[in-house]
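Colleague: sequence below, structure please.
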Amino acid sequence: MDLKAVLQRFDGRSRLLVHALHSGAAGASNAQTIFNKQRRSDPDFTLIPFLETLCQQEACVSEDALVVKPLVCLFSEGFKRNLLCFLHLIHPGLPKDRVLHLLECLTQDDMENQWACALIKQLQRDIEGTRKGTILTSNCTGKLKSLCERFRNADAEGRWAACFEELEAEGKETNVPSQKKRKSDNMDPDGDAQEDHQSKRVKMDFWPCDEEERLTEEEEPKMRTSQLEQSDASVSQARSDVLGSLKNLPDHMKAAVPVIKELLDTESAWDESSVSALKVLHECDPNEVEVLCSMLGLSESSEQSLPQFCSCLLELSPDLSHSTACAVITHLLLAKILALTEPASRCLVTAVMSLCTRYPRPTCQALIEPVLQKGQTGSAQAELLCRLVVDCLEPHHRLLVFRTILGVSWDEGVLSVIHALLDSKLELSEEDFSLFTNQLCSQSPHFSKSMKFAKMLLSVLTKYQSHVNPACHHTLSSCLSFNETFLKKSLQAALKRISL
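Modeller: Here you go, the predicted model:
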């Protein structure tokens, strides 16, 4: 396909989107950025001409025959995949009939990429608001049925229970002693009884045996006290086992621990050999990463050592996996941020921002979300989170943080983070904005005299007018009725200016 010739079918703005969707794996994100800029410069900008052009019939040669296909079918598989991802991001603001017509055009082509087929089906389900049928292919469905049959048979090789044998062995260390006794008493040394034992395990764990039922009222409190004391001892033993599991690590991982620990403790200069020592993180599975982080004492490391340590982490190539990055960020930073009672030090801020810039999604998952969910968002935590939102996170990561906030309890610190998110001009779907206004209404009685809450409402009414539908207008009106600040008249005037 001659891209230059095809581009002549599009107007100037649409050509920018076509180029963006051709830009490799980041095509969908690039197209969304361009689309947002176009809409900011022209609020009346619409993608209807772009969608209509993609659906135009175009003559082409297929298997030595001249056929007519929708223009979108002539593009590469990468372009189609990026286009579908782009539509998933922005479709709530587009005419449903135009998007569905484009999807029908795409289905006329024999798409080899199964992910693209699944994206088409999922987008159709989202637009039509239905969950009928499945997005799985017949081949995938068959494989899933085969797996289910294997897992159903406990005696089959590769059975489902085998996946949890190691976890069960670890779990026994923290079980209440009376439960351990019952399990050991019911263990059948004969291998043929294993399946029967597994099927009854849940019942044995939750239902008392005859001996326990015969406990008198005087014995029961003593039994519960003894169980609690022994359970605490088991938890302490389990922690010791985790720290002592260094001996189970491969030799090269053991050798890296004292090298890294010495550099952390002495705060000496990090060099190329220090980066080489950290490369061991690439070879760790999730359990080994936890052991290494515990042995290194990352949560107790000094803040002065953080910038150098993070610099070495950022020099690693390739980047850390998602799970490894989450574990390192949790151990290294979470406790320090939760413990803040005054503004974060320069060293801590530098470390957090550097890791957030390189690993934004792990930072959202392992740091920002836990801080918000623990309900400990004081002024120091809020100030740091606001800096991350403004300076480090991309729009889609800010949206993740926003959705997390909708599910946590609010305080003055959380209000500051919300205000920072709103000032960043979030691309909210109709559903997100509706949930947000409902949350505003439920929280408004608790913040009737809060200036932060009032300023946040004013930001909503001035910067997100296009999102306000009749239902949201009514909800916001109810919300303003609780406000007791001097901004109430300004809020009411801003609400009246919104035309429905």
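Colleague: can you tell me the SS state at the residue nearest the centre of the chain?
Modeller: What sits nearest the mean C-alpha location of the chain, by CA atoms, centre = their mean, is residue 365, with 5.6 Å. For residue 365, the secondary-structure state derived from DSSP: H, G, I helix; E, B strand; the rest coil is helix.
Colleague: quick check: closest non-adjacent residue to it.
Modeller: Distance criterion CB to CB, 6 or more residues apart in numbering; nearest residue to residue 365, sequence neighbours excluded, is residue 326 at 5.8 Å. The C-beta positions use only the backbone N, C-alpha and C, and glycine is treated the same way.
Colleague: could you list the low-confidence segments of this protein?
Modeller: The chain contains residues with pLDDT under 70 at 1-4, 63, 109-113, 129-137, 150-248, 266-274, 500.
Colleague: domain ranges for it?
Modeller: Following automatic domain parsing, one gets these domains for the chain: 3-140, 246-398, 428-500.
Colleague: let's have those in TSV, adding distance to residue 422.
Modeller: As requested, the domains of the chain are exported to TSV (distance: least, CB to CB, whole Å):
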stretch	distance to residue 422
domain 3-140	15
domain 246-398	10
domain 428-500	5
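Colleague: and those domains: which comes nearest residue 420?
Modeller: When the domains of the chain are compared by CB to CB, domain 246-398 sits nearest residue 420, at 4.2 Å.
Colleague: distance from the chain centre to that closest one, please.
Modeller: A distance of 18 Å separates the centroid of the chain from that of domain 246-398, by CA atoms, centre = their mean, to the nearest Å.
Colleague: same deal with stretch 12-22?
Modeller: 29 Å.
Colleague: what's the answer for stretch 16-25, then?
Modeller: For stretch 16-25, the distance to the chain centre is 25 Å (CA atoms, centre = their mean).
Colleague: quick one: end-to-end length of that stretch, please.
Modeller: Here the two ends of stretch 16-25 are set 16 Å apart, with distance taken as CA to CA, to the nearest Å.
Colleague: for stretch 295-306, same thing?
Modeller: Counting by CA to CA, the length from the leading to the trailing residue of stretch 295-306 is 17 Å.
Colleague: can you map out the helices along the stretch 301-450 of the chain?
Modeller: Defined through DSSP state H, counting those that start in this stretch, the helices belonging to the stretch 301-450 of the chain, from first to last, are 306-315, 322-329, 335-338, 346-358, 360-363, 369-373, 379-391, 395-405, 412-423, 430-443.
Colleague: what's the angle from the second one to helix 346-358?
Modeller: Taking axes from the mean of the first three to the mean of the last three CA atoms, to 10 degrees, helix 322-329 and helix 346-358 form an angle of 170 degrees between their directions.
Colleague: what angle do helix 322-329 and helix 306-315 make?
Modeller: Relative orientation of helix 322-329 with respect to helix 306-315: 170 degrees, computed using the same axes, to 10 degrees.
Colleague: show me what counts as buried in helix 322-329.
Modeller: The neighbour-count criterion (16 or more other CB atoms under 10 Å) identifies 324, 325, 326, 327, 328, 329 as the buried residues of helix 322-329.
Colleague: so what's the nearest residue to residue 423 once chain neighbours are set aside up against?
Modeller: Distances taken as CB to CB, 6+ apart place residue 459 nearest to residue 423, at 6.7 Å, with adjacent residues excluded. The neighbourhood of residue 459, defined by CB atoms under 8 Å, 6 or more residues apart in numbering, consists of 419, 422, 423.
Colleague: turn the residues you listed into CSV, including neighbour count and distance to residue 386.
Modeller: Formatted as CSV, those follow (neighbours: other CB atoms under 10 Å; distance: CB to CB, whole Å):
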residue, neighbour count, distance to residue 386
419, 20, 8
422, 20, 12
423, 14, 9
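Colleague: for stretch 293-303, buried residues please.
Modeller: Those buried within stretch 293-303 under the rule 16+ other CB under 10 Å are 293, 294, 295, 296, 298, 301, 303.
Colleague: an error on my part: the question was meant for stretch 31-49.
Modeller: Neighbour-count burial for stretch 31-49 flags 31, 32, 34, 35, 38, 39, 47 (criterion: 16+ other CB under 10 Å).
Colleague: gap between the two ends of stretch 262-276?
Modeller: Looking at stretch 262-276, the gap from its leading to its trailing residue is 15 Å under the measure CA to CA.
Colleague: go on, stretch 84-103?
Modeller: With CA to CA as the measure, the ends of stretch 84-103 fall 9 Å from one another.
Colleague: centre of the chain versus that stretch, how much separation?
Modeller: With CA atoms, centre = their mean as the basis, the mean position of stretch 84-103 lies at 23 Å from the chain mean.
Colleague: which residues are in contact with that stretch?
Modeller: Outside of stretch 84-103, the residues that reach it under the criterion CB under 8 Å, 6+ apart are 21, 27-28, 31-32, 35, 47-48, 51-52, 54-55, 72, 106, 116, 119-120, 122-124, 126-128, 396, 427, 429-431.
Colleague: before we move on, what about stretch 442-457?
Modeller: Under the criterion CB under 8 Å, 6+ apart, external residues in contact with stretch 442-457 comprise 410, 412, 415-416, 418-419, 422, 440, 476, 478-480, 482-485, 487-488, 491.
Colleague: buried members of the residues you listed into ChimeraX, please.
Modeller: Here is the ChimeraX command that selects the buried residues among those (16+ other CB under 10 Å):
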select :410,415,416,418,419,422,440,476,479,480,482,483,485,487,488,491
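Colleague: now the contacts of residue 459 in CSV, with distance to residue 77?
Modeller: Written out in CSV, the entries for the contacts of residue 459 read as follows (distance: CB to CB, whole Å):
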residue, distance to residue 77
419, 43
422, 38
423, 39
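Colleague: quick check, nearest of those residues to residue 356?
Modeller: Nearest to residue 356, judged by CB to CB, of the contacts of residue 459 is residue 423 at 18.1 Å.
Colleague: and the closest one, how close does it get to residue 498?
Modeller: Separation of residue 423 from residue 498 (CB to CB, to the nearest Å) stands at 19 Å.
Colleague: next: residue 446.
Modeller: When CB to CB is applied, the distance between residue 446 and residue 498 equals 25 Å.
Colleague: equivalent analysis for residue 468, please.
Modeller: 5 Å.
Colleague: so what's residue 431 up against?
Modeller: Residues in contact with residue 431 (CB under 8 Å, 6+ apart) are residue 92.
Colleague: pick out whichever of residue 446 and residue 498 has more residues nearby.
Modeller: Taking other CB atoms under 10 Å, residue 446 and residue 498 do not tie; residue 498 has more neighbours (16 against 13).
Colleague: the more buried one in helix, strand or coil?
Modeller: Reducing the assignment at residue 498 to three states with three-state DSSP gives coil.
Colleague: leaving out sequence neighbours, find the closest residue to residue 345.
Modeller: Closest residue in space to residue 345, ignoring its immediate chain neighbours: residue 303 at 5.3 Å, by CB to CB, 6+ apart.
Colleague: from memory that neighbour sits against residue 336, does it?
Modeller: Yes: taking contacts as CB atoms under 8 Å, residue 303 lies within contact range of residue 336: 6.8 Å.
Colleague: hey, what's in contact with both of those two?
Modeller: Each of residue 348 lies in contact with both residue 303 and residue 336 under the rule CB under 8 Å, 6+ apart.
Colleague: so which of the contacts of stretch 84-103 are in helices?
Modeller: The helices, defined by DSSP state H, take in 21, 27-28, 31-32, 35, 48, 51-52, 54-55, 106, 116, 119-120, 122-124, 126-128, 396, 430-431 from the contacts of stretch 84-103.
Colleague: next, format the buried residues of helix 322-329 as a markdown table and append distance to residue 279.
Modeller: Shown next, in a markdown table, are these (distance: CB to CB, whole Å):
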| residue | distance to residue 279 |
| --- | --- |
| 324 | 12 |
| 325 | 15 |
| 326 | 19 |
| 327 | 16 |
| 328 | 13 |
| 329 | 18 |
